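Trainee: Sequence plus predicted model, see below.
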Amino acid sequence: MRQLVPGILFAALWASAAVATKLGVQSVPPLVLANVRFFIAGTGMLLFAYGVQRTRDAWPRGVEWRQLFIFSLLNTTIYLGCFVLALKQVSAGIGSLSTATNPLFITLLSAVWLRRRPGVNEVLGLLLGLAGVGVATYPLLQNSYATVAGILILLVGVVAVSAATVYYAGISWRLPNLVINGWQVLLGGLTLLPVTLLTADLSTAQYDLRFWGAVWWLILPVSVGALQLWFFLIRQDPVRASLFLYLCPIFGFVYSYVLLGEPITVYTMVGTMLVIVGLWLGRKK
């Protein structure tokens, strides 16, 4: 029970990010949505940690700045930057399904990090997971719910967040979770800002109710709530924590069907089952 309730709640909140992002990018360029979210969330968490909680001895020191920067680059700048860009080109359901392949990449990257040869089950699990995403995506490519470029951008993001998880779990952090989260989100936003200013067409941005609703949902339930739960889970056990990502596509497809009217087809169900079987096989010794 120590992990079950936080794990289910994490999956439900994390899967909702795809729908919120899909709504937000209808109002502003994707990277604008990302940067506004990062700056408000990161600043807010740090103000709460240092101003309200008055967390003592929690300022990063020395090598901790480098650790925070590397983590932020992988977890926020690259992963969330890719995620928001991809959601302009793929359905919210596929965004959630891609997240579920994260444990497979975590396993393989952990093997590389520890210089351990990946097992047959791990390789087969990854291939099944990728095949599942392909099956679920196939009919969506035919009716403009997804593009090949969008799927490739999602893949880059999944590899980045998997590397971030392995990196985070390998460090004995002195800082509290809220401080780590606040700094990594803020630093990730600062790193992403030059890319946003160089590539986004700011004249098309509409800062309407839909935009602000998406921003605040992504900040409070996702950036604060879900990530705090995720940090708690991976500090307990990163491998077991990754298993809760099995639930993300289930929540994600339900959200996208109910809130966005995106289709759930036989391909969707078969693809999701392939991903789940791949995840099971990848975790099997």
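Mentor: The structure has been received and is ready for your questions.

Trainee: contacts and neighbour counts: CA atoms only from here.
Mentor: Will do.

Trainee: in the stretch 1-150 of the chain, which spans are helices?
Mentor: Assigned by DSSP state H, counting those that start in this stretch, the helices in the stretch 1-150 of the chain fall at 4-24, 30-47, 63-72, 81-86, 92-99, 102-113, 120-142, 148-169.

Trainee: want to throw these into JSON lines with mean neighbour count, mean pLDDT and distance to Arg210?
Mentor: As requested, the helices of the stretch 1-150 of the chain are exported to JSON lines (neighbours: other CA atoms under 10 Å; pLDDT from 0 to 100; distance: least, CA to CA, whole Å):
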{"stretch": "helix 4-24", "mean neighbour count": "23", "mean pLDDT": "89", "distance to Arg210": "6"}
{"stretch": "helix 30-47", "mean neighbour count": "22", "mean pLDDT": "93", "distance to Arg210": "11"}
{"stretch": "helix 63-72", "mean neighbour count": "18", "mean pLDDT": "95", "distance to Arg210": "27"}
{"stretch": "helix 81-86", "mean neighbour count": "26", "mean pLDDT": "92", "distance to Arg210": "16"}
{"stretch": "helix 92-99", "mean neighbour count": "29", "mean pLDDT": "78", "distance to Arg210": "16"}
{"stretch": "helix 102-113", "mean neighbour count": "21", "mean pLDDT": "72", "distance to Arg210": "29"}
{"stretch": "helix 120-142", "mean neighbour count": "20", "mean pLDDT": "75", "distance to Arg210": "25"}
{"stretch": "helix 148-169", "mean neighbour count": "21", "mean pLDDT": "87", "distance to Arg210": "23"}
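
Trainee: what about Trp230, neighbour count?
Mentor: 23 (other CA atoms under 10 Å).

Trainee: State the distance from Pro176 to Arg66.
Mentor: Distance, Pro176 to Arg66, using CA to CA, to the nearest Å: 17 Å.

Trainee: of the helices of the stretch 1-150 of the chain, which approaches Leu198 most closely?
Mentor: Taking CA to CA, helix 30-47 is the member of the helices of the stretch 1-150 of the chain nearest to Leu198, at 10.5 Å.

Trainee: Check which helices and strands that closest one is in contact with.
Mentor: helix 81-86, helix 177-199, helix 209-217 (3 or more CA pairs under 8 Å, 6 or more residues apart in numbering; DSSP states H and E).

Trainee: Most tightly packed of these?
Mentor: helix 81-86 (a mean of 26; mean count of other CA atoms under 10 Å).

Trainee: For Phe244, see how far away Val222 is.
Mentor: Distance of Val222 to Phe244, given as CA to CA: 15 Å.

Trainee: you'd agree Ala164 is up against Thr76?
Mentor: No: using CA atoms under 8 Å, Ala164 is not in contact with Thr76, being 9.2 Å away.

Trainee: could you say which helix or strand contains Trp173?
Mentor: Trp173 is part of no helix or strand when elements are defined by DSSP states H and E.

Trainee: all numbers from here: first residue = 51
Mentor: Fine by me, first position is 51 from now on; the one you just mentioned is Trp223.

Trainee: Look at it and say how many residues are nearby.
Mentor: Count around Trp223 with other CA under 10 Å applied: 13.

Trainee: repeat for the one 3 residues further on
Mentor: As a burial measure, the neighbour count of Pro226 was computed by other CA under 10 Å and equals 13.

Trainee: surely it meets Ala108?
Mentor: Yes: counting by CA under 8 Å, Pro226 does reach Ala108; the two are 7.2 Å apart.

Trainee: check contacts around Gly232.
Mentor: Ala91, Gly92, Thr93, Gly94, Met95, Leu96 (CA atoms under 8 Å, 6 or more residues apart in numbering).

Trainee: Redo those as JSON lines? Include distance to Ile203.
Mentor: Formatted as JSON lines, those follow (distance: CA to CA, whole Å):
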{"residue": "Ala91", "distance to Ile203": "24"}
{"residue": "Gly92", "distance to Ile203": "24"}
{"residue": "Thr93", "distance to Ile203": "27"}
{"residue": "Gly94", "distance to Ile203": "29"}
{"residue": "Met95", "distance to Ile203": "28"}
{"residue": "Leu96", "distance to Ile203": "30"}
